[in-house]
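Participant: Need a 3D model of the following:
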Amino acid sequence: MATSGSNLLAKEFQNYKNSNFPNSNYISSSNSLPGEYIIDEDDRLKEQDRLLPIANVGRIMKQILPPNAKVSKEAKETMQECVSEFISFVTGEASDKCKKEKRKTVNGDDVCWALGNLGFDDFTETMKIYLNRFREFEGERSKISDNHN
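Facilitator: Numbers count the residues shown, from 1 in each chain. Coordinates of the predicted model:
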C-alpha cells in the first residue's frame, strides 16, 4: 500500500521530533494574560488543543491563492501540522530562555528573541512591529475600559 505525501511527512516529522525533542514540553495558556503563556511542564495538550482549527488554516491558505484555487483537505491538514509545529518550536525556544532566566511567563519579547535565535530573522522585525501595535492597542483599550468604570 502506497503512503500518501502527508502520511510520509507526518512520519518523518515524528521521527525528527522524537530524536531532536524527546522531552518536549507544551505551553499552557490557562490563567495567563492575552499574549502570554504560563509554562506548565506536566501539562500535555490534547491533539485538538495542539492544532489550530483547520477552517482557520484553510481560510489563511485561500487568502494567498488565486480566487478560483481549491485546497484539498490533505493540504490543509499538512499545513495545520506544520504551523502547529512551528509555533511549538518557537515557543519551546522562548520557554527555554525563560527557564534559564528563572521566569515562568513567556511574553512577546521572548517570542521575538526566539524567532531571531532560530534563524527566522525575516519574521523578527515584522513580529516586533506587530507586538508594538498590539501593545498600543491594548493600552488604548485599557484606557477606554478604565474611563467606563
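Participant: so where's the protein uncertain?
Facilitator: Low-confidence segments of the chain (pLDDT under 70): 1-48, 149.
Participant: What are the boundaries of the helices in it?
Facilitator: Assigned by DSSP state H, the chain shows helices spanning 5-20, 47-50, 54-64, 73-100, 108-117, 121-148.
Participant: Can you add mean neighbour count and give the ones you listed back as TSV?
Facilitator: C-beta here means a position set from N, CA and C on the backbone, and glycine is covered the same way. Shown next, in TSV, are the helices of the chain (neighbours: other C-beta atoms under 10 Å):
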stretch	mean neighbour count
helix 5-20	12
helix 47-50	10
helix 54-64	13
helix 73-100	17
helix 108-117	19
helix 121-148	11
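Participant: and the gap between the nearest residue to Met61 once chain neighbours are set aside and Ala114?
Facilitator: Sequence neighbours aside, Val71 is the residue nearest to Met61 in space, at 5.2 Å (criterion: C-beta to C-beta, 6 or more residues apart in numbering). Going from Val71 to Ala114 by C-beta to C-beta, to the nearest Å gives 29 Å.
Participant: and if you look at Phe134?
Facilitator: 17 Å.
Participant: same check, this time on Met61
Facilitator: For Met61, the distance to Ala114 equals 25 Å [C-beta to C-beta].
Participant: now swap in Val57 and tell me
Facilitator: Distance, Val57 to Ala114, by C-beta to C-beta: 22 Å.
Participant: Lys73 now?
Facilitator: In terms of C-beta to C-beta, Lys73 sits 31 Å off from Ala114.
Participant: List the contacts of Met79.
Facilitator: 57, 61 (C-beta atoms under 8 Å, 6 or more residues apart in numbering).
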